[in-house]
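Undergrad: Here's my sequence, what's the structure:
(one chain, ligands or ions: 1)
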Amino acid sequence: MKHYLGISAGFHDAAATVINDCGNVVYAGHAERYSKIKNDPNIHQDMIWELAEGRHIDHIAYYETPWKKQLRQWYSGQGIEWNKLTTHQIVRQQLKGYFDNVPITAYNHHLSHAAAGFQTSPFLSATVVVIDAIGEWDTISIWAAEYKNKKAVYKKLWGQKYPKSIGLFYSAITERIGLRPMEDEYITMGMSAYGEAKYTDTMRILADENLHIGIDHMFLPTAEHADIAASAQAVAEELIYSVMRRARAYNYSKNLVYMGGVALNCLANRNLGEYFEKVWIMPNPGDAGSSLGAAALAYGGRINFTNAFLGTDIPGAYPVNDIISSLLRDKICGVASGRAEFGPRALGNRSLLADPRGDDIKDKVNAIKRRQQFRPFAPVILEEFVNEYFDMPSGWTSSRYMQIVGRCRMRNLFPAIVHVDGTSRIQTVPADGSGIRQLLEAWYKATGCPMLLNTSLNIRGEPMVNDRQDADRFEQLYNLKVHS
Ligand SMILES: [Fe+2]
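TA: All right, here's what the predicted structure looks like:
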């Protein structure tokens, strides 16, 4: 059987994906989970062993074209990284001498995003929109995608090039309010609910500028951080929707595939249904997910994508009964079971779970997570109950990868999972027989509540727990049971 290895590495958040010639993703993981270095740009040795175990790799696919990126970096005054000038240089460095004789192909950065989305989507044809910070030159692209003779075919309809960039704009604002750019954008988004969009005129002018090196810390010097965040979120949404209108105007398809790091903005995502009938966002829409996109391009056909549990395996049955006992006794526990999530969200296999009912649970979870008090936690709910508990935005009947927010209909009963604006970042779980599904069913049977609080299981300052050793470390450090 043939195997295609996709690599996204060398810059930030390294990841790798292996697809076999039946179109199954047999492995997809993030380097940071192995090295414990958040957003680690380099592929980890243990990851190479794991992805190659028992397989022959026939083809390596890299997620972007290095010389084009270097040309843009030179143009923008960042200099040239001579050791990252060719695909061979980067891939050989990253794979540490493994697979030395395997042929390598480099693809276009935005095309890899588009493929990661379209080839995992339920659609046979779609309009694909990619919005990110920057790859080679494109910062926005719109594609028409379909299958011809079972091979995915992409036609680029429109593109916007560097330096104008919605992603760079949002990252620059994130830095301005004292957070880490390219990492903490979701905190900026969370903070926006606390502010007033007072500065949208100034923001619109700013968004038109080259923001690659950030903005002056004296930009709006007396403004509250929350008002800056709210204004930036409002303008980012305006810009995103103008791209969606443009994409829809091509009248190619009523199906939208939306990718790129900006597709992680779940506040903006809730209104996509106004522009397209059906929407698919792959659970890992940023550059790490492009390792899957590059492998998908090398494979060529449709991917059998059923869930995001594609990384390191902690074998054994999902410990449903143990978790229920812990939750009934302590209201909170961890779980590390099955394959790790591919993407930034814990979806039930590397999760800290809690009873979402009542006032005291947020403090209990925060005693471990120690994150900003203003940020709520996310609910995970049996999909058939979602409309009872939340108002879903139009066009969305499910949210299996926590990609949108909806208004909670019972915010007084579940304060820990509701944001100040009354919304929650929802994860719905269909009847797919997964571990988290079995757990929610048992929890509903025991309590009458179809919902749990779900946040990622990670030691403070570290990426998500990956293997059993990490889970043991977590348990000892926080004196909290982690079921495996
Ligand atoms: Fe990107």
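Undergrad: Quickly note the distance from the residue of the chain found nearest the ion to residue 138.
TA: Residue nearest to the ion within the chain (CB to the ion): residue 132, separated by 3.5 Å. C-beta coordinates here come from the backbone N, C-alpha and C atoms, glycine included. Distance from residue 132 to residue 138, counting by CB to CB, to the nearest Å: 8 Å.
Undergrad: what sits in contact with each of the two?
TA: residue 110 (CB atoms under 8 Å, 6 or more residues apart in numbering).
Undergrad: related to what we said a few turns ago, quick check: phi and psi at the residue of the chain closest to the ion.
TA: For residue 132, the backbone dihedrals (degrees, to the nearest 10) come out as phi -140, psi -160.
Undergrad: can you pull the contacts of it?
TA: Neighbours of residue 132 in contact, by CB under 8 Å, 6+ apart: 110, 113, 139, 165, 167, 260-262, 286-287.
Undergrad: Who wins on neighbours among the residues you listed?
TA: Compared across those, residue 113 has the highest neighbour count, 36 neighbours, by other CB atoms under 10 Å.
Undergrad: Surely it and residue 130 touch.
TA: Yes: contact criterion CB atoms under 8 Å: residue 113 and residue 130 qualify, at 4.4 Å.
Undergrad: which neighbours do the two share?
TA: 259-260.
Undergrad: what mean pLDDT does the helix or strand where residue 296 lies have?
TA: According to DSSP states H and E, residue 296 maps onto helix 290-299. Confidence for helix 290-299, expressed as mean pLDDT, is 98.
Undergrad: just the strands in the stretch 301-450 of the chain please.
TA: 309-314, 332-336, 338-341, 350-354, 378-382, 390-391, 405-408, 423-425, 427-429 (DSSP state E, counting those that start in this stretch).
Undergrad: Let me know which of those is tucked in deepest.
TA: Ranked by mean neighbour count, these are led by strand 350-354 with a mean of 27 (mean count of other CB atoms under 10 Å).
Undergrad: Please name every helix or strand in contact with it.
TA: Counting contacts by 3 or more CB pairs under 8 Å, 6 or more residues apart in numbering; DSSP states H and E, strand 350-354 packs against helix 320-330, strand 332-336, helix 361-369, strand 451-456.
Undergrad: Now the weakest link among the ones you listed, please, by mean pLDDT.
TA: For the helices and strands packed on strand 350-354, where the average pLDDT is lowest is helix 361-369, sitting at a mean of 90.
Undergrad: contact partners of it?
TA: Helix 361-369 has contacts (CB under 8 Å, 6+ apart) with 331-332, 352, 354-355, 373, 376-377, 415-416, 453, 455, 460, 478, 480.
Undergrad: Name the nearest residue to residue 426, ignoring sequence neighbours.
TA: Counting by CB to CB, 6 or more residues apart in numbering, the nearest residue to residue 426 once its immediate chain neighbours are dropped is residue 399, at 4.7 Å.
Undergrad: How about residue 428?
TA: residue 383 is the one closest to residue 428 (CB to CB, 6+ apart), at 4.1 Å.
Undergrad: from what I can see residue 378 touches residue 428, true?
TA: No: with contacts defined as CB under 8 Å, residue 378 does not count as touching residue 428, sitting 11.3 Å away.
Undergrad: Check the burial of residue 114 by counting its neighbours.
TA: 30.
Undergrad: could you say what helices and strands the longest helix seen in the chain packs with?
TA: When the chain is parsed with DSSP state H, its longest helix is helix 225-249. Applying 3+ CB pairs under 8 Å, 6+ apart, one finds that helix 225-249 contacts strand 125-131, strand 138-148, strand 151-161, helix 166-176, helix 185-192, helix 200-207, helix 266-269.
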